[in-house]
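S.K.: sequence and computational prediction follow.
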Amino acid sequence: MCCSRRRMTTRMGYRDWRWQALWWHIFFLLWSIIHGQTRYSIPEELKQGYVVGNLAKDLDLGLSEIFDRKLRVASEADKQYFTVDAGKGELVVNDRIDREVLCGQSASCVLPLQVVIEDPLQLFRVEVEILDINDNSPKFPSNDVTLDIAESTVVGVRFPLESAIDPDVGSNSLKSYTLSKDECFNIRIKEVAGGRKVPELVLAKILDREKKAVHKLLLTALDGGNPLRSGTSQISINVLDINDNVPAFEKPLYKVSINENAVEGAMIVQTKATDMDDGLNGEIEYTFGAHTSESVLSIFNVDSVSGTISLQGKLDFELTPNYEIDICAKDKGSPRMEGHCTVHVEVLDVNDNAPEIIVTSHPKPVPENAPDGTVVALISARDLDSGDNGKVTLQLQKKSRFSLRPSFNQNYALVTSGILDRESVSELNIEITATDSGSPPLSSQTIIPVIITDVNDNPPVFTQSSYNVYLKENGVPGSILYSVSASDLDFGENAKISYSILDSKVQDVSVSSYVYINSDNGSIYSMHSFDYEKLKVFQIQVLAKDQGSPSLSSNATVHVFILDQNDNAPAVIYPSSAAMGSLSHQRMPRPAKAGHLVTKVTAVDADSGHNAWISYKLTEATDASLFTVNLYTGEVRTKRAVSEQDDSSQRLLIEIRDDGEPAQSSTVTVSILLEDGLHEPILDLRQKVAEPSKKNGRIALYLILSLASVSVLSLLTFLILAVKCIRNSRSSGSCCMRRSDCDDYKNPNRNLQIQLNADGPIKYVEVLGGDMLSQSHSFRSCMSPMSEYSDFTLIKPSSTTDFKEVISVLDASLPDSTWTFESQQVGK
Ligand SMILES: *[C@@H]1O[C@H](CO)[C@@H](O)[C@H](O)[C@H]1NC(C)=O
Ligand SMILES: *[C@@H]1O[C@H](CO)[C@@H](O)[C@H](O)[C@H]1NC(C)=O
């Protein structure tokens, strides 16, 4: 604090000129009484009692005068800031002096004082200049200012702030402002009219509410005093949210796996997005992306509030193995901002599909002789599942005659593998089982029907390899002789049999002229009536041939045995002159005794067996008591001695009858002349027999030789056989007389049949040798029990009735013909 006295200066503020003018008016009015003017300068805010100056001394007054003359100070203001110390004559501060109250903002502040002395009244004018001291701090109208600034406000925008007020003047008055440090704000001072300084907030950097929602600034106003004083104001800046943040998902991609059999409503994944914005700007709503496909929308659901994605439909790995779902998180600001994420849903395969078998080519019929590996059908296996669940293995039944040959990629060829036989199985159902490798495995079955087609692999087979047919002779031509039948196991044309007869010769004539066969059903028809006497047996080779290609055939032999019918009447050979039914003349001596052989009627029958058994019977006689005919031999003998009364001419009608059914018969009439003194007629007969010709005698010789040789041969054979039989009987215990039972009867010279016919008066031995089927060699010996003398008479060859013809035939083909030798005794 300094105190100095100085002269009034003319320094005046422009504003105070009127105040000054008033003062000057008063000054000149009072000048007459006022001696001089004294001026003091003091700082404001002095303590009471502070001595401003010594009035007495300055006014040239004595101390006594001060007291006596009652010196006083009169202020023009209301308040008496000063008082005079009567003792010392000093002007002292009486009251607090605040320059700002007294003078406000005016630059100079002078307090005029009237110093009054009475007796005589003298007026002095004293001026006290109040000097400013920095006693006021700048002060803001409000200590707390709140500003709202949107975060998107551009850099450089200014926000005017309230100015601070400092009542001090001059250098003590407000000088500057400072702002607490903030990267977003600067302070700028703007001078307005009157020198007032207005602070402005300048945005230096874009605001980001999300980083700093409220900026707190401290604005400080500083004056220029010494020490300087300051005032502060708190500025709060609320950054207003702008929807400048997109909702952000925690992850751009969510990967999840879910089994395809997941139930509806199963939660798949929880997505979460955050938005740094505030309020609605940060309130998130989850939706599917705008271009989400219908299929995703139908299967998945997103919770708009929580972002949980759940299943609302059925998953099917086979249809869609994975999904890419676009999830959108949208805030509710304006404009609405959205963020996206992708949810990758991998559908895990579950073994929910059974494997399938697809027949890609229809099964072809397979010929039964198809070689192994013949392709029947093409099949493929499929399983909609994947991995092991879709790994299919195919299996055929055990013991299948087929196998599967894998080709590329689950394709198989069903091929034959084994022997097929249409005749045992004509249609096969191949069962194929497909199993996948899932756990548990699923399987399915398919049946492929395969038709086995026929191949001509079976020949026709006759019901018998040979047939024996017995056919009566003299049948009606064109009648069915027999029906053979063959069967063929094949099918269709391969089993269609046609019958035919293989050509062969029967008695130098083609067999086809004897019989023909119905080629469709095997009925064999005769084309002839057969004559047993000409043909006893023949064979037909029947061929059955199927229509396959190549055709197969087989043959069978039909042995046709012609059965004898009694179709031949006995033919009379002797008396030779006697033709059938005609007369034969015989002579006999009258003196013949009883039992005299008159003649012998000989007849033959072309038939055989009983049909050829001839019996003789006297049917008519001139004198039935005289002659008798032997039933079997045909010998005509006298019953009694001829008497003189007997007619010399006797006539006998002899019936010759065979044993057939019905019997055939013929008759011969023998006329007998009884003569006196006639020589033995037998000589006649013998002569007749022996005489006929030289040729006949030679034949008889041949016959005897033949018979002898055949007999020797037979005997030899018989002996050999007997020896063999004895040997055999040692081992087998039975003697086989008929070698034919054991051996092929077709083999010539193996068969020797010795037949002893015991019934009837005729005993004969039939020796059969050679091939039964060709013309048999038959030698027969017939012996009469009462043989007085024997000779051999050729009775007949088997195939002709005419004796003379027989002889010539026999002559031509001696070894091959059938002969019957009959040993006969003719009694005398
Ligand atoms: C074969 O066919 C003929 C003519 O159709 C017929 O007369 C005959 O009886 C048939 N034979 C058989 C064994 O069916
Ligand atoms: C008849 O069959 C036999 C065997 O069964 C055979 O040897 C023969 O050649 C056949 N004959 C014909 C003409 O087919």
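M.R.: Structure's in. What do you need? Values in this document were obtained by computation on a predicted structure and should not be read as measured data. Ligands and ions are numbered 1, 2, ... in the order given.
S.K.: quick one: residues contacting the residue of the stretch 551-700 of the chain found nearest ligand 1.
M.R.: Per CB to the nearest ligand atom, residue 558 is where the stretch 551-700 of the chain lies closest to ligand 1, at 13.9 Å. C-beta coordinates here come from the backbone N, C-alpha and C atoms, glycine included. Contacts for residue 558 were tallied using CB atoms under 8 Å, 6 or more residues apart in numbering; they are 466-469, 482, 484, 524, 539-542.
S.K.: state the three-state secondary structure for residue 673.
M.R.: strand (DSSP: H, G, I helix; E, B strand; the rest coil).
S.K.: looking at it, it is touching residue 584, isn't it?
M.R.: No: counting by CB atoms under 8 Å, residue 673 does not reach residue 584; the two are 11.2 Å apart.
S.K.: is residue 47 within a helix or a strand, and which one?
M.R.: Using DSSP states H and E, residue 47 is not contained in any helix or strand.
S.K.: one more: residue 616?
M.R.: Following DSSP H and E, one finds residue 616 within strand 614-621.
S.K.: packing partners for that strand?
M.R.: Here strand 614-621 touches strand 602-604, strand 627-629, strand 649-658, going by 3 or more CB pairs under 8 Å, 6 or more residues apart in numbering; DSSP states H and E.
S.K.: can you check what angle separates that strand from strand 649-658?
M.R.: Counting by axes from the mean of the first three to the mean of the last three CA atoms, to 10 degrees, strand 614-621 points 150 degrees away from the direction of strand 649-658.
S.K.: pLDDT of strand 614-621, averaged?
M.R.: Average pLDDT, strand 614-621: 91.
S.K.: partners of it in the sheet?
M.R.: According to DSSP bridges, strand 614-621 has the following sheet partners: strand 649-658 (antiparallel).
S.K.: go through the strand it pairs with and flag the buried ones.
M.R.: Buried positions in strand 649-658, judged by neighbour count with 16 or more other CB atoms under 10 Å: 650, 652, 654-658.
S.K.: same thing with stretch 497-515?
M.R.: Buried residues in stretch 497-515, counting neighbours by 16+ other CB under 10 Å, are found at 497-501, 506, 511-512, 514-515.
S.K.: right, is that stretch up against ligand 1?
M.R.: No: Stretch 497-515 stays clear of ligand 1 (CB under 6 Å from any ligand atom), getting no nearer than 10.0 Å.
S.K.: pLDDT on that stretch, on average?
M.R.: The average pLDDT within stretch 497-515 is 91.
S.K.: same question for stretch 206-218.
M.R.: On average, stretch 206-218 scores 90.
S.K.: off-centre distance for it?
M.R.: How far stretch 206-218 lies from its chain's middle: 73 Å, per CA atoms, centre = their mean, to the nearest Å.
S.K.: just stretch 116-135 next, same as before
M.R.: Remark: stretch 116-135 is offset 131 Å from the chain centroid, using CA atoms, centre = their mean.
S.K.: what does stretch 517-529 give?
M.R.: Relative to its parent chain, stretch 517-529 has a centroid offset of 58 Å by CA atoms, centre = their mean.
S.K.: check stretch 364-384 too.
M.R.: 13 Å.
S.K.: do stretch 416-424 as well
M.R.: Per CA atoms, centre = their mean, the centroid offset for stretch 416-424 relative to its chain is 24 Å.
S.K.: average pLDDT across that stretch?
M.R.: Across stretch 416-424, pLDDT averages out at 90.
S.K.: what's the answer for stretch 109-117, then?
M.R.: pLDDT averaged over stretch 109-117 gives 84.
S.K.: and what of stretch 275-284?
M.R.: So the average pLDDT for stretch 275-284 ends up being 89.
S.K.: the host helix or strand of residue 91 pairs with which strands, parallel or anti?
M.R.: Using DSSP H and E, residue 91 sits in strand 90-93. Strand 90-93 has the following strand partners under DSSP bridges: strand 51-54 (antiparallel), strand 82-85 (antiparallel).
S.K.: list the buried residues in the first one.
M.R.: Of the residues in strand 51-54, those buried by neighbour count under the rule 16+ other CB under 10 Å are 52-54.
S.K.: nearest to ligand 1 among the residues you listed?
M.R.: Nearest to ligand 1 among the buried residues of strand 51-54, with distances taken as CB to the nearest ligand atom, is residue 52, at 178.0 Å.
S.K.: thought the closest one was touching residue 92?
M.R.: Yes: Residue 52 lies in contact with residue 92 (CB under 8 Å); the separation is 6.5 Å.
S.K.: in stretch 454-463, which residues are buried?
M.R.: For stretch 454-463, by 16+ other CB under 10 Å, it's 454-462.
S.K.: what does stretch 270-281 give?
M.R.: Under the neighbour-count criterion of 16+ other CB under 10 Å, stretch 270-281 has 271-273, 275-278, 281 buried.
S.K.: re the thing from before, alpha carbons of the strand or helix carrying the residue of the stretch 551-700 of the chain closest to ligand 1, as CSV, please.
M.R.: Assigned by DSSP H and E, residue 558 belongs to strand 553-563. Extracted C-alpha coordinates of strand 553-563, given in CSV (Å, rounded to 0.1, in the frame of the first residue of the first chain):
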residue,chain,number,x,y,z
SER,A,553,-33.5,-137.7,-80.5
SER,A,554,-33.6,-141.1,-79.1
ASN,A,555,-34.9,-144.3,-80.5
ALA,A,556,-36.7,-147.4,-79.2
THR,A,557,-37.3,-150.7,-80.7
VAL,A,558,-40.7,-152.1,-81.1
HIS,A,559,-40.7,-155.8,-81.4
VAL,A,560,-43.8,-156.9,-83.2
PHE,A,561,-44.7,-160.5,-82.6
ILE,A,562,-47.4,-161.7,-85.0
LEU,A,563,-49.7,-164.1,-83.3
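S.K.: state the mean pLDDT of that strand.
M.R.: So the average pLDDT for strand 553-563 ends up being 93.
S.K.: returning to that earlier point: closest one to ligand 1 out of the buried residues of stretch 270-281, please.
M.R.: Distance to ligand 1 across these (CB to the nearest ligand atom) is lowest for residue 271, with 92.5 Å.
S.K.: do you know the pLDDT at the closest residue to the closest one other than its chain neighbours?
M.R.: Of all residues not flanking residue 271 in the chain, residue 307 sits nearest, at 4.2 Å (CB to CB, 6 or more residues apart in numbering). pLDDT for residue 307: 93.
S.K.: now the phi/psi pair for residue 307, please.
M.R.: The phi/psi pair for residue 307 (degrees, to the nearest 10) reads phi 80, psi 10.
S.K.: cool, residue 547 as well?
M.R.: With angles defined as degrees, to the nearest 10, residue 547 sits at phi -100, psi 10.
S.K.: that one and residue 493 touch, don't they?
M.R.: Yes: counting by CB under 8 Å, residue 493 is a contact partner of residue 547 at 4.2 Å.
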